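# make a model of this:
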Amino acid sequence: MGFRENLIKKMEIDRLAEQVRRSLAPSEGPQRIDGDAMRALLEMSRFQHLRERDLDLYVLEDPIDGPLVLVLDNGLGLYRTGVEDVALRKSPTLKEMVKIRNAIKILNDKDVVLSRKTDTLDRVLTELIDALDLSFTAADIEAMATDGQAALRNNYGEGVVEIMALFCELLGFKEAPKPFQVPHHLVWGESQPTADGRLRMAPIILFDRMHNRLKMITALIETLEKDGMAHWQQVVKGEAKADLEGAAVFDALAEQTLSRGNPAQGQGSA
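Alright, predicted model coming up:
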């Protein structure tokens, strides 16, 4: 796959991982892992699915260190042992349980468990991301900007949003916090809370989905700074010019991306 396809895949991996992470977060009710999202991640990995007894296992064979076995359940345990041993420990039969040696294994798996829950998720996530070549050339970034400009010119809002999402991934921009959100608009940027409760953003990118207008404010704006917020509202309403508008926004994003350098340069992968 090329750079853009790998970047899209990374974003999908991150999205699925976040779904799993949220499902593993402590809650008042019974915890239940997002099995569909975790299964989708594992299907992208080198782990192979195996149904053993009533268990969904994912196995990664290692001729040197021995197999890794991941159990897809609420514990999300990762074990350095064989499939039969995991099946015995996680889903023993009555005949197996009455044997003292087996009972010890069933009650204590510290000798074979490598990780659980979010630690296991992080192991899988690291393997998936490390396998992606996220190195890019100037031509890759310029092509993205050109495609974004074409989508804007052709009133293809979904295309604008898709290219913006790619640039935001590369630049670390996020969806704007609530004080900067605007109805019928998408707002991205780099936000930072301050010790006294203010929010500050720079840059701020605003896409009017109804009228297909793209704008960027490069100056820092703080939520408790009246002049800055007033200017922001004027830009939103079209009563004041943004620092950059239209196709120039994509040129600026491409320039920022290239000026930050290639994070995968010299590594072969991100």
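# in which helix or strand would I find H49?
strand 48-52 (DSSP states H and E).
# now the element after that strand, going C-ward?
Counting by DSSP H and E, what follows strand 48-52 is strand 55-60.
# partner strands of the very next helix or strand once past that next one, parallel or antiparallel?
Where DSSP H and E defines the elements, the next helix or strand beyond strand 55-60 is strand 68-71. Sheet pairing here is set by DSSP bridges, and for strand 68-71 it gives strand 55-60 (antiparallel), strand 78-80 (antiparallel).
# could you look up the SS state of E162?
What DSSP: H, G, I helix; E, B strand; the rest coil gives for E162 is helix.
# flag the shaky bits of the stretch 1-150 of the chain, pLDDT-wise.
Judged by pLDDT under 70, the stretch 1-150 of the chain has its weakly predicted residues at 28.
# which parts of it are helices?
Using DSSP state H, counting those that start in this stretch, the helices found in the stretch 1-150 of the chain span residues 3-24, 35-44, 83-90, 94-97, 100-107, 117-130, 138-153.
# and the fifth one, what does it pack against?
Based on contacts counted as 3 or more Cβ pairs under 8 Å, 6 or more residues apart in numbering; DSSP states H and E, the elements that helix 100-107 packs against are helix 83-90, helix 94-97. (C-beta placed from N, C-alpha, C; glycine too.)
# from memory M144 sits against L166, does it?
Yes. M144 is within contact range of L166, at 5.9 Å (criterion: Cβ atoms under 8 Å).
# can I get the helices of the stretch 1-150 of the chain in JSON lines with mean neighbour count and distance to F250?
Converted to JSON lines, the helices of the stretch 1-150 of the chain look like this (neighbours: other Cβ atoms under 10 Å; distance: least, Cβ to Cβ, whole Å):
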{"stretch": "helix 3-24", "mean neighbour count": "17", "distance to F250": "15"}
{"stretch": "helix 35-44", "mean neighbour count": "17", "distance to F250": "30"}
{"stretch": "helix 83-90", "mean neighbour count": "18", "distance to F250": "51"}
{"stretch": "helix 94-97", "mean neighbour count": "10", "distance to F250": "63"}
{"stretch": "helix 100-107", "mean neighbour count": "12", "distance to F250": "59"}
{"stretch": "helix 117-130", "mean neighbour count": "17", "distance to F250": "26"}
{"stretch": "helix 138-153", "mean neighbour count": "18", "distance to F250": "4"}
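# need the ones you listed in CSV (columns: distance to E61).
Shown next, in CSV, are these (distance: least, Cβ to Cβ, whole Å):
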stretch, distance to E61
helix 3-24, 22
helix 35-44, 15
helix 83-90, 10
helix 94-97, 25
helix 100-107, 22
helix 117-130, 14
helix 138-153, 35
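# among those helices, which is nearest K178?
K178 sits nearest to helix 3-24 of all those, at 19.3 Å, using Cβ to Cβ.
# gap between that closest one and the chain center?
Helix 3-24 has its C-alpha centroid displaced from the chain centroid by 4 Å (Cα atoms, centre = their mean, to the nearest Å).
# mind giving me the domain ranges of this structure?
3-130, 138-259 (automatic domain parsing).
# distance from the first one to the middle of the chain?
Meaning domain 3-130. 19 Å.
# now do the shortest one
When distances are taken as Cα atoms, centre = their mean, domain 138-259 is centred 20 Å away from the chain's centroid.
# do stretch 2-19 as well
6 Å.
# what residues does it touch?
The contact list for stretch 2-19 (Cβ atoms under 8 Å, 6 or more residues apart in numbering) reads 1, 34, 37-38, 40-41, 44, 121, 125, 128-129, 132-137, 140, 144, 165-166, 169-170, 270.
# again with stretch 52-70
By Cβ under 8 Å, 6+ apart, stretch 52-70 touches 39, 42, 45-51, 71-73, 76-83, 86-87, 90-91, 114, 120, 124.
# many thanks, I have nothing further to ask.
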